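**Student:** Need a 3D model of the sequence below.
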Amino acid sequence: IKNDCYIEVVAAFGGVEIFLPDNVNLEIESTAIFGETENKRPIAHIENAPTVFVRSFAVFGGVDIK
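**Tutor:** Reported below is the predicted structural model:
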């Protein structure tokens, strides 16, 4: 990933896994109803790295970002 990018995801009655490389930053905007969006990446903010913006909506499901 060389530039900022956007991912929109909906998880309804199931789950979604998003795998990202270690050299990007992550911004999450989420709405969850009986579910969750969870950032499982152990990486802190990286200066001058591209950012992946994730907008998620979870209903009876979950979104994991790894």
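**Student:** List the buried residues for stretch 55-63?
**Tutor:** S56, F57, A58, G61, G62, V63 (16 or more other CB atoms under 10 Å). For the C-beta atoms, the positions are set from N, CA and C on the backbone; glycine is no exception.
**Student:** and of those, the nearest to G35?
**Tutor:** Among those, A58 lies closest to G35 (CB to CB), at 3.5 Å.
**Student:** Please name the nearest non-neighbouring residue to that closest one.
**Tutor:** Distances taken as CB to CB, 6 or more residues apart in numbering put G35 closest to A58, at 3.5 Å, once the chain neighbours are dropped.
**Student:** What of I33?
**Tutor:** Per CB to CB, 6+ apart, closest to I33 is V59, 4.9 Å.
**Student:** separation between that neighbour and I65?
**Tutor:** Distance check for V59 against I65: by CB to CB, to the nearest Å, it reads 18 Å.
**Student:** just the helices in the chain please.
**Tutor:** Applying DSSP state H to the chain gives no helices.
**Student:** so where's it shaky on pLDDT?
**Tutor:** Regions of the chain meeting the criterion pLDDT under 70 are absent.
**Student:** Do a quick rundown of the strands in it.
**Tutor:** 5-12, 15-18, 25-33, 36-39, 51-59, 62-65 (DSSP state E).
**Student:** Name the residues of the third one that are buried.
**Tutor:** Within strand 25-33, the residues that qualify as buried are N25, L26, S30, A32, counting by 16+ other CB under 10 Å.
**Student:** can you redo the residues you listed as JSON lines with distance to I43?
**Tutor:** Below are these laid out as JSON lines (distance: CB to CB, whole Å):
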{"residue": "N25", "distance to I43": "8"}
{"residue": "L26", "distance to I43": "8"}
{"residue": "S30", "distance to I43": "19"}
{"residue": "A32", "distance to I43": "23"}
